[in-house]
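1. Please find the sequence and the predicted model below.
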Amino acid sequence: MSPLLMGLLGVMLVPLFLATWRSSLIGLSLQGFLIAWAAYRLDPNLRAVGSWLLLVDLVLVRGVGAPLLLYRILSARKRSARNDIIAPNLLSWTIAFGLVLAAFNLSAALVPTDGDQRAIISVASAGVLLAFLVLASQSTTFGQVIGVLRLENGIALFELGGEHRHHDGLVIQLGQVTIVAGTLGLYVWLLSSFSEASSPSAPSHDEPTL
Amino acid sequence: MSPLYFIALPGLMALALALGVGRGRATLLLVGTALATLLLALVEVLSVSQPAAALLGLVRVDATSRLFLAVVNPIFLGISTYIWHRVRTTPVLREGIQRTASLLLFFLASTNALLVANHLLALWVLLELTALAATPLIVRPRAEAARRAAFRYLLFSTVGLGLVALGFACLSRGMDAVGLQPTFIVEELRQLGPALVDSWTKLGLGLVLLGLGAKLGLAPMYSWLPETYDESPPAIAALLGAVQFNAALVVLFRVVQVYRVSNATLVADELLAMGLVSMVVSTVSIIATRNIKRLIAYASINHAGVIAIGLGVGGAATYGLLLYVVSNAFIKAILFLTAGKIMAHYKTNDTRVISGLIKELPYSGVFLMVGTIALLGFPPFGSFLGELLILSALVGSGRMLTFAAFCTLITMTFVATGRTVFPMIWGPSKEKHEFSRQTLPAALPKLTFLIALVVLGIYIPPAFNALLLQVATSLEGP
C-alpha cells in the first residue's frame, strides 16, 4: 500500500482515539486533501473539466469548507475540547480495528489482484465502516454530522478509479458536487439553529401550521 | 412536447419566488404554477404512447414516468390548494410563505425531473435534491422538536442515499469486472441486464436496495419517519408521504427493472425481508401509539412493507402492487391533510382527546372515515384489490409462511387502527368546541383525492389500466 493511502487510513483512525472535536475536524480536513491527492495521482493530466470539479469538491468543500464551518459553530459555542466520537473503551477500539481488518478482507475477496485498486477499496471500505461505527455510537448532533461526513469521504474514495467517473458527464458531476455542498449547508444551518439545551423541547401543536 | 416544460416551469418560478418576485402573492403563484405544471404533465402523459428520449438519453418518458406524473402532479396541486387556503384563513402563516412556496416548487421541479430521468446517477442526484428542498420545509418556527426532526430526516436521507451511491459505485465496478463499458443510462443497462451477475453487482444491488429502503421508511432504517411526519406541518407530511415516497419508489422501480432479470433471488429475498420486518415494527407501533399523525406515519411504514413484499414477489403481484401504490398516494394525502384540519381545531394530536368528529367536523369526519377504510384495504378501494392480488401471488409462488405472516399482521393492523380511529369519528364529543364552518376550498383537495380513490376502486379507465399493465410488465425485466 502506498504511503498516501497509509496516511489516509491514519487520519481516519487517529481522531477516533484522540477524542477532541478539533482533532475530528482536522481529520476530516486531511481526509479531503489526501483523497484529492489520490485523485490527482490517478489522473495527473487534469484535462477534463470533471477532474477539476472533483478536486474542487474534495479540496474546497470537504477539505476546507466543511471543517471550517463546523469549527466556527463549535468555537462560537465555546464547547469543551473533549468529544468522544466512539465510546472511549477497549471494546470500541477493538471493534474499530476489527472493522479495518474486515475491510481489508472484503477488498481482497472483491479485487483478486494485489495493487492500487485493491488498496483504494480497502481504505475506502475501512472509511465507510468506521463512519458507520461513529454513527452508531453517537447521539449528539455534532458527532452524527462527523459520522456522515466521514461516510461521504469514504464513498468519494470508493468512487476513485471507477470507470464510470469518466463517463458520467459534467451535468451529473456538477449535480453531485451541488448535493454535497447543499447537504453541508443544511447541516450547518440546522446545527447553528439548535438551542444549547441537550434535550429537545416538548413538541408543540398549539401554534397554527401549514 | 418536451418534458423540459413541466420541469422548467416550476423550477423557474421557484427561482423567481426566491428572488422576491410576486411578494404577497406567493401562495397564488404556487397554486397557479402547480396547476399549469399539472396540465403540461397531463399533455405529456396523454400524448406520448411510445417512450420518448431527450437530452442525450438522460431524459426518457416511458410508462413508469407517465404513470407517476399522472399521480404526483395532481397530489401536489391538492397540497398547494390546501396551503393557499390555510394561509388565506390564518394570517400568521404568511410569515416565510415566500420561501416555503419557492422550496415547494423547487421540490416539484426536482420530482418531475426524477420521474423522467433515464440515468441512475441523475435519479440519485434528483432524489437528494428533493430531500434538500424538503428539509427546511419540515422546520416550524419556534419549534425545537421540528428542527431536530428535520435534522434526523436529513441524517437518514444522507446515510440512505450514501448507501445508494456506494451501491452504484459497486455496480459500476461490477460492469468493469465482467468487461463491460460502465454506464448508468437505464435503457443501456436494461440491454446489459442478463450479464450483470458478479460479486460486485450483488454487493452493489444489496446496498442500493438497503439505501432506498431507508428513503421509503423500510426497516431497518425507518426510525426517522414517525418523528418527521409527526413534527412536519401536515401539508409537508402529505408531501413527503404522497409525493416524495413515490419519487423514491420510482428510483427503486428503475433499479428493479434493470437488475431483476439477473439477480431475481437477491431482489426478492432482500425486499421480502425488509417488507416483513417493516410490517412487524409498524404493527407493534400502531397498537401502542395514541398520536394521530404517528398512527398515519406507522401505517405508511406498513404500506411500504406491503409494497416491498409485492415488488419482491413480482409476477402476478406487480399489477396489484401498482394499484396499491397509486391508491396509497391518495390515501396518505387525504389522511395527512385531514389530520392537519383536526389538529388545527382540537389543538392536540392525542387520539384519546379527539372524539365525535362526525358531528363536530363532518367533512373531516367523513374524510378520516373513508381514508381509514381505504387504508385498511376494504372494498371498493384500489388498496383492497391490490392487497388481494399480492396475497394471491404469495400463495401462487408457494411462499406460505410469508402469506401467513402477512395475513396475521394485516389483521392486527386492522384491529389496532380501527380501535383508535373509529371512536374518534363516532364517539361522543368530550368537550365543547367552537368551530368555524368548513368551506369548499378547504375540502376540495381532499374531495378530489377521494373521488380519484373511489374511481380507482370501482372502475379503472382503460387508458390508465393499460399504463398500469405496461409498468407491471417492465418491472419483470427486459
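-> On my side now, so go ahead.
2. Quick check: residues of the stretch 1-150 of chain B near chain A?
-> B:56, B:58, B:83, B:86-87, B:90, B:92-93, B:100, B:119, B:121-122, B:125-126, B:128-129, B:132, B:135-136, B:140-148, B:150 (CB under 8 Å from any CB of the partner chain). Where C-beta positions appear, they are placed from N, C-alpha and C, glycine not excepted.
3. tell me which parts of the stretch 251-400 of chain B are close to chain A?
-> B:340, B:343, B:344, B:347, B:348, B:349.
4. Let me see the ranges of the strands in the stretch 51-200 of chain B.
-> B:52-54, B:59-61 (DSSP state E, counting those that start in this stretch).
5. Now the biggest helix by length in chain B: average pLDDT?
-> Longest helix of chain B, by residue count under DSSP state H: helix B:144-177. Averaged across helix B:144-177, pLDDT comes to 93.
6. so what does it touch, helix or strand wise?
-> helix A:141-159, helix A:170-193, helix B:120-138, helix B:199-216, helix B:224-231 (3 or more CB pairs under 8 Å, 6 or more residues apart in numbering or on different chains; DSSP states H and E).
7. Now do the very next helix or strand once past the last one: everything it contacts.
-> Reading on from helix B:224-231 to the C-terminus, the next helix or strand found by DSSP states H and E is helix B:234-238. For helix B:234-238, contacts defined as CB atoms under 8 Å, 6 or more residues apart in numbering or on different chains pick out A:209-210, B:75, B:79, B:82-83, B:86, B:134, B:137-138, B:228-230, B:293, B:296-297, B:332-333, B:336-337, B:339-341, B:343.
8. Excluding residues flanking it in the chain, which one is nearest residue B:297?
-> Distances taken as CB to CB, 6 or more residues apart in numbering or on different chains put residue B:229 closest to residue B:297, at 3.8 Å, once the chain neighbours are dropped.
9. Neighbour-wise, give me the winner out of the residues of the stretch 251-400 of chain B next to chain A.
-> Sorting those by how many neighbours each has (other CB atoms under 10 Å in any protein chain shown) puts residue B:340 first, at 23 neighbours.
10. so what's that residue up against?
-> A:209, A:210, B:82, B:86, B:233, B:234, B:235, B:237, B:238.
11. before we move on, the earlier item: give me the buried entries from the residues of the stretch 1-150 of chain B next to chain A.
-> With burial judged by 16 or more other CB atoms under 10 Å in any protein chain shown, the buried subset of the residues of the stretch 1-150 of chain B next to chain A is B:58, B:83, B:86-87, B:93, B:100, B:119, B:121-122, B:125-126, B:128-129, B:132, B:135-136, B:140, B:143-148, B:150.
12. Compute the number of surrounding residues for whichever residue of the stretch 351-478 of chain B sits closest to chain A.
-> Nearest residue of the stretch 351-478 of chain B to chain A, counting by CB to the nearest CB: residue B:353, 11.2 Å away. Around residue B:353 there are 14 other residues, counting by other CB under 10 Å.
13. Could you dump the helices and strands packed on helix B:144-177 into CSV with mean pLDDT added?
-> Listed next are the helices and strands packed on helix B:144-177 as CSV, based on pLDDT from 0 to 100:
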stretch, mean pLDDT
helix A:141-159, 93
helix A:170-193, 91
helix B:120-138, 95
helix B:199-216, 94
helix B:224-231, 93
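14. Present those as JSON lines; the columns should include distance to residue B:423.
-> Shown next, in JSON lines, are the helices and strands packed on helix B:144-177 (distance: least, CB to CB, whole Å):
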{"stretch": "helix A:141-159", "distance to residue B:423": "39"}
{"stretch": "helix A:170-193", "distance to residue B:423": "38"}
{"stretch": "helix B:120-138", "distance to residue B:423": "30"}
{"stretch": "helix B:199-216", "distance to residue B:423": "31"}
{"stretch": "helix B:224-231", "distance to residue B:423": "20"}
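15. Output the below-cut-off pLDDT ranges for chain B.
-> Within chain B, the ranges that satisfy pLDDT under 70 run B:1, B:48-56, B:431-438, B:477-478.
16. For it, list the residue farthest from the centre, please.
-> residue B:179 (37.5 Å; CA atoms, centre = their mean).
17. hey, which helix or strand in chain A has the poorest pLDDT?
-> helix A:49-55 (a mean of 88; mean pLDDT, DSSP states H and E).
18. for it, packing partners?
-> helix A:21-42, helix A:170-193.
19. Mind listing what's buried along that helix?
-> A:50, A:51, A:54, A:55.
20. Run the chain-centre distance for that helix.
-> 19 Å (CA atoms, centre = their mean, to the nearest Å).
21. can you check stretch B:254-264 too?
-> So, by CA atoms, centre = their mean, the centroid of stretch B:254-264 is 21 Å from its chain's centroid.
22. quick one, what contacts residue B:419?
-> Taking CB under 8 Å, 6+ apart, one finds nothing in contact with residue B:419.
23. What of the one 3 residues further on?
-> Applying CB under 8 Å, 6+ apart, one finds that residue B:422 lies in contact with B:369, B:372.
24. could I have the least confident helix or strand of chain A exported to PDB, CA atoms only?
-> Taking C-alpha atoms only, helix A:49-55 is exported to PDB below (Å, rounded to 0.1, in the frame of the first residue of the first chain):
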ATOM      1  CA  VAL A  49     -13.400  19.700 -16.600                       C
ATOM      2  CA  GLY A  50     -14.700  16.800 -14.500                       C
ATOM      3  CA  SER A  51     -11.300  16.200 -12.900                       C
ATOM      4  CA  TRP A  52     -11.100  19.800 -11.800                       C
ATOM      5  CA  LEU A  53     -14.600  19.700 -10.500                       C
ATOM      6  CA  LEU A  54     -13.700  16.600  -8.400                       C
ATOM      7  CA  LEU A  55     -10.700  18.400  -7.000                       C
END
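25. Which positions in the following helix or strand past that helix come out as buried?
-> Heading C-terminal from helix A:49-55, the first helix or strand you meet, by DSSP H and E, is helix A:66-76. Neighbour-count burial for helix A:66-76, with 16+ other CB under 10 Å as criterion, is recorded at A:66, A:67, A:69, A:70, A:73, A:74.
26. Please name the nearest non-neighbouring residue to the residue nearest the centre of chain A.
-> For chain A, the residue nearest the mean C-alpha position is residue A:150 (2.0 Å; CA atoms, centre = their mean). Once flanking residues are discounted, residue A:150 sits nearest to residue A:131: 3.8 Å by CB to CB, 6+ apart.
27. That neighbour in helix, strand or coil?
-> State at residue A:131, reduced to three classes by DSSP: H, G, I helix; E, B strand; the rest coil: helix.
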